[in-house]
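Asker: Just to be clear, the model below is a prediction. Sequence and coordinates:
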Amino acid sequence: SNVVLLGAPFILGIFGASGFEVLSLLVSVHLPIMMMASIVLFEMFGRGSGETVHPLRVVKSFLRRLFINPLIIGILAGLAWRLTGAPLPDLVERLVDTLADTAGPVALFAMGLSLRRFGISGNVRPALALSVLKLFLMPALVLAFVWLLGLPPLTSKVAVVVAALPSGINSYLIAVQFNTGQALASNQMTLATASAVLTTSFWLTVVVHIFG
């Protein structure tokens, strides 16, 4: 899902700071898992059939990409500061609040630029099928899991809504890395993002009705 560029402003606007805390936890788990999955896939299929997968190379690539990712750096820096128990200086707190206020609009602007860059270029039917799976099947599965696990209402609502968000730019970047399916990934991202105006509203209504 487009957890950062679309998810951050959406969750902040709907659920406020409490919802954003849940989203941050999701990002801290979601990002490393998806990063490792993409690295393993590239090692298995992206280097050609003649090369074998080297676990040490996978781990080194994962750690390198993980600790240079700005999201991970921000999460770890915030966690480290919180563990000290020291309050933020007033100047730093004002700076953080200012950046937080601009994060949503900048994220939406960046997402719009990416859609303008890639657009729709064929493979419309498969892209529509993938969009249906992403926008309906995935949030339905998450809804079933959070209900079965008995998660808290706010956590459940944020998890389902995040699952209902359209695919982000990473799907296209992975397609470029494998040099296949770029048009399909681009189309699916564009169509799902356009459709998400309606589908996320639907899932938001569903979770509010179920979890209050």
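Answerer: On my side now, so go ahead.
Asker: Name the single longest helix found in this structure.
Answerer: Taking DSSP state H as the assignment, the helix of the chain that covers the most residues is helix 7-41.
Asker: Packing partners of the helix or strand just after that helix?
Answerer: Counting by DSSP states H and E, the next helix or strand C-terminal to helix 7-41 is helix 55-67. For helix 55-67, the helices and strands in contact under the criterion 3 or more CB pairs under 8 Å, 6 or more residues apart in numbering; DSSP states H and E are helix 7-41. Heads up, the C-betas are built off the backbone N, CA and C, glycines and all.
Asker: Please name every helix or strand in contact with the helix it packs on.
Answerer: In terms of contacts (3+ CB pairs under 8 Å, 6+ apart), helix 7-41 is packed against helix 55-67, helix 70-84, helix 90-118, helix 153-163, helix 169-178.
Asker: for these, which one sits closest to W203?
Answerer: Between W203 and those, the shortest separation by CB to CB is 5.9 Å, and it involves helix 153-163.
Asker: Backbone dihedrals for G150, both of them.
Answerer: G150 has phi and psi values of phi 70, psi 40 when expressed as degrees, to the nearest 10.
Asker: Now do the closest residue to W203 other than its chain neighbours, the pLDDT please.
Answerer: By the measure of CB to CB, 6 or more residues apart in numbering, the closest residue to W203 outside its immediate chain neighbours is A164, 4.1 Å from it. Among the per-residue scores, A164 holds a pLDDT of 93.
Asker: Could you report the distance from P139 to N123?
Answerer: Computed with CB to CB, to the nearest Å, the distance linking P139 and N123 is 24 Å.
Asker: Low-confidence ranges, the protein, go.
Answerer: The chain contains residues with pLDDT under 70 at 46-53, 100-101, 103-122, 177.
Asker: SS state for the spatially most central residue of it?
Answerer: Relative to the mean C-alpha position of the chain, the nearest C-alpha, by CA atoms, centre = their mean, is the one of V3, at 2.7 Å. Each residue gets one of three states, and V3 gets coil by DSSP: H, G, I helix; E, B strand; the rest coil.
Asker: check contacts around the residue nearest to W203.
Answerer: Taking CB atoms under 8 Å, 6 or more residues apart in numbering as the contact definition, A164 lies against S1, L135, M138, P139, A196, T199, T200, W203.
Asker: 6 Å instead, please
Answerer: Residues counted as contacts of A164 (CB atoms under 6 Å, 6 or more residues apart in numbering) are P139, T200, W203.
Asker: could I get the residues you listed as a markdown table with secondary structure, distance to S38 and neighbour count?
Answerer: A markdown table is the format used below for these (DSSP: H, G, I helix; E, B strand; the rest coil; distance: CB to CB, whole Å; neighbours: other CB atoms under 10 Å):
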| residue | secondary structure | distance to S38 | neighbour count |
| --- | --- | --- | --- |
| P139 | helix | 22 | 24 |
| T200 | helix | 25 | 20 |
| W203 | helix | 26 | 23 |
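Asker: Closest to V92 out of these?
Answerer: Distances from the contacts of A164 to V92 were compared by CB to CB; the smallest belongs to T200, at 33.8 Å.
Asker: so what's the closest one up against?
Answerer: For T200, the contacting residues are A164, taking CB under 6 Å, 6+ apart as the criterion.
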